[in-house]
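Student: turn this into a model:
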Amino acid sequence: MNMYNIIYKKRCNEVLSKEEIEFFIDKYSKEEIPDYQASALIMAMFINGINHEELVYMTKAMIESGEKIEIPEIKKIVIDKHSTGGVGDKTSFVVSSLLASYGFAVAKMSGRGLGFTGGTLDKLESIPGFKINISNDDFINQVNEVGLSIIGQTKNLVPADKKLYALRDVTATVDNIELIASSIMSKKLACHSDGIILDVKVGSGAFMKTIADAEKLAKTMVDLGNSFNRKTVAVLTNMDDPLGNAVGNSLEVKEAVETLRGNGPLDFNELCLTLTKTIISKYEPDKDIKEIEEKLQKLIDTGIALEKFKEFIAAQGGDIETINDLDKLPIAKHKKTYIASKRGVIKYIDTEKIGMAAVSLGAGRRKKEDSIDYGSGFYFHKKLGNRVNKGDIILDIYYNDENSYEEAKNIIDEALKIDENIESFKKKIIHKIIN
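Tutor: Below you'll find the model as predicted:
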């Protein structure tokens, strides 16, 4: 078996065998195949497509390229949750706390923010003392004892994906739905879980800009998860507007806590409940979905879900006093209001630009090496579809540096469009559920 024949076969649009795909992933991971041959095969896959069988073989081979995290002797059903990225997306905190307090366990590896999307790890690290790097043993013990742990991805988890993604990044082959799905799901499947809930964003602030592309990605990931005997379900969600009111690390932690207190924004609360009840219904198919939602709401109303979140934070070294008193979380030195320049309805928000405006304040990264300003960001008072009068406050801008404020304000000017000739409207949060 050699790479020339494998490349030629895929170039001719033939289906690769399990052995050929395993050969490629194994040898490339060990640096026994040069980049030029690997990029030729990936380009052939990009152009000619990858069928489901090939995708399963490729994903399994990537999983086998590194360590896997198993959680032995756990009596609870383990759920993992993944979002394809967005602006103001702090759902992991609420969904995980609800699942853990309902009786499931959540074992989650998360990433940092890069570009316009925020990272769960960065948000957690805005809580003083919180540790995202704990040993595998501590991770497993915490999932068993607390029912919830969120950590950073280990270096040895799916190393083949890291190498392939770096290659795709410089060969214009990133935006292929099958390759994206395999990359995401290989990391999810390498960590023990019984079920996976996928939040697939679509819109101006998502990687998938159209519902058709988002639906294809969601279905591909769901099919992959089910092929590995994970109960997998995806929810297509709106990212034409920042999620909730807060954008920025500590600001989003505050909003997640307020949601667990029962005071969250309606759109964010709806999304969190939908994601949670959707995966629970896979395990309680005979139970009415409204009954599940009522139980989840009770966990919020009684404070049980918030206590579970606090238990999780404490277990990983976080300062609980900052959760009890949210004013103790980091906050930028300065705040200015961004006001409506005219009367009308906010008819469009370029949510990706809002994310980039947050990056300019220091709330995100342009490069992996950039440091994070945990207290900077935005708080929205008016959003997509809302009516405004001239002079109304649309959002607050939290910042530490005057130059970064000016850059962010200029980006926001480009991102928001107000129309005097349309009526206010309510946006749809949930587009579709894919089983």
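Student: from now on I want contacts and neighbour counts done on CA atoms only, so please keep to that.
Tutor: OK.
Student: center of this protein - which residue?
Tutor: The chain has S83 as the residue nearest its centroid, 2.8 Å off, counting by C-alpha atoms, centre = their mean.
Student: that residue contacts V202, correct?
Tutor: No - between S83 and V202 no contact is recorded; they are 11.0 Å apart, counting by C-alpha atoms under 8 Å.
Student: would you mind listing the outside residues contacting stretch 140-147?
Tutor: By C-alpha atoms under 8 Å, 6 or more residues apart in numbering, the list of residues contacting stretch 140-147 from outside reads 70-71, 74, 100, 104-107, 148-149, 308, 311-312, 315.
Student: now, of those residues, which are buried?
Tutor: Neighbour-count burial (16 or more other C-alpha atoms under 10 Å) applied to the contacts of stretch 140-147 gives I71, A100, F104, A105, V106, A107, L148, S149, K308, E311, F312, A315.
Student: before we move on, the earlier item: what bridges to the residue nearest to the centre of the chain?
Tutor: Applying DSSP bridges to S83 gives these bridge partners: D199.
Student: against I279, how distant is it?
Tutor: Distance, S83 to I279, using C-alpha to C-alpha, to the nearest Å: 14 Å.
Student: do the same with T173
Tutor: For T173, the distance to I279 equals 32 Å [C-alpha to C-alpha].
Student: the more surrounded of those two?
Tutor: A side-by-side neighbour count of T173 and I279, using other C-alpha atoms under 10 Å, places I279 first with 24 against 19.
Student: chain neighbours aside, what residue packs nearest to that one?
Tutor: Closest residue in space to I279, ignoring its immediate chain neighbours: I197 at 6.0 Å, by C-alpha to C-alpha, 6 or more residues apart in numbering.
Student: hmm, the one you found is touching V233, no?
Tutor: Yes - the pair I197 / V233 is scored as a contact, 5.3 Å apart, by C-alpha under 8 Å.
Student: between those two, what contacts are shared?
Tutor: Common neighbours of I197 and V233, using C-alpha under 8 Å, 6+ apart, are T278, I279.
Student: just the helices in the stretch 101-250 of the chain please.
Tutor: Chain-ordered helices for the stretch 101-250 of the chain, with DSSP state H, counting those that start in this stretch as the definition, fall at 120-125, 136-145, 159-169, 177-189, 211-227, 249-260.
Student: please work out which of the ones you listed is packed deepest.
Tutor: Using mean count of other C-alpha atoms under 10 Å, the stretch among these with the largest mean neighbour count is helix 249-260, at a mean of 25.
Student: residue contacts, the residue nearest to the centre of the chain?
Tutor: Shown here is S83, whose contacts under the criterion C-alpha under 8 Å, 6+ apart are L198, D199, V200, K201.
Student: highest neighbour count among those residues?
Tutor: Going through the contacts of S83 with other C-alpha under 10 Å as the criterion, the one with the most neighbours is K201, at 30 neighbours.
Student: return the residues in contact with it.
Tutor: Shown in contact with K201 (C-alpha under 8 Å, 6+ apart): S83, T84, G85, G86, F207, M208, A214, L236, T237, N238, M239.
Student: can you do 7 Å?
Tutor: K201 makes contacts with T84, G85, G86, M208, L236, T237, N238, M239, as judged by C-alpha atoms under 7 Å, 6 or more residues apart in numbering.
Student: now do R11
Tutor: By C-alpha under 7 Å, 6+ apart, R11 lies in contact with A44.
Student: repeat for the one 5 residues further on
Tutor: The neighbours of L16, taking C-alpha under 7 Å, 6+ apart as the test, are K10, E54.
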